[in-house]
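Asker: pasted the sequence and its predicted model underneath.
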Amino acid sequence: MTIERKLANLFNLNDENWMRHANPWSVWTRYSVLPIIIVAFWSRLWIGWWCLVPIIISILWMFINPIFFNKATSTKNWASKAVLGERVYLNRDTIEIPKTHKTPLLKILNIVSSVGLGLAIWAIVYYSVWGVFYGISLTYLGKSWYLDRMVWLYEDMKETNAIYKSWEY
């Protein structure tokens, strides 16, 4: 079982919920999660222990977001294809992906995102505006490039696998 499949299970992404997450609104509002969590943690400076309320709400939003929206009305857009590509990628232990997609780039992009997240966490602790800015930027750069590779993977895989082609409407 791939780590991505374990994460999908954590977020309750079954067949129906994957298609809900493929809604572009889910993808684009998912980008709001990190800034919301950062502001929630940063609010400890202004509201003390009451910061736990926005922290809990922001963490709940992180888990609810993938299943909050209705099923996508169309999956013929970048955001939907990115999610479907992630789904293809997590299935790589059962359906082989093309050799062109087996590069270290995806791991490098996840490392870039992780470094950005680490920087953002450091910035939250030390109230560094620039650290938060750079951390979020690195995180989103890595994640967006990763998602773009997922679109490419989905486009390649749907041509040779009927199950993946059936996801597009």
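Answerer: On my side now, so go ahead. Numbering: from 1, shown residues only.

Asker: low-scoring stretches of this structure, by residue?
Answerer: Within the chain, the set of residues satisfying pLDDT under 70 comprises 1.

Asker: contact partners for the nearest residue to Ile55 once chain neighbours are set aside?
Answerer: Excluding its sequence neighbours, the residue lying closest to Ile55 (C-beta to C-beta, 6 or more residues apart in numbering) is Ala40, at 4.5 Å. In this view, the C-beta of every residue, glycine as well, is placed from N, C-alpha and C. Ala40 makes contact with 51, 54-55, 57-58, according to C-beta atoms under 8 Å, 6 or more residues apart in numbering.

Asker: which of those residues sits closest to Lys6?
Answerer: Distance to Lys6 across these (C-beta to C-beta) is lowest for Ser58, with 22.5 Å.

Asker: what is the burial count for the closest one?
Answerer: Applying other C-beta atoms under 10 Å, we find 19 residues neighbouring Ser58.

Asker: same question, Thr94
Answerer: Thr94 has 9 neighbours, counted by other C-beta under 10 Å.

Asker: first to last residue in stretch 4-21, what's the distance?
Answerer: This stretch, stretch 4-21, spans 15 Å end to end (C-alpha to C-alpha, to the nearest Å).
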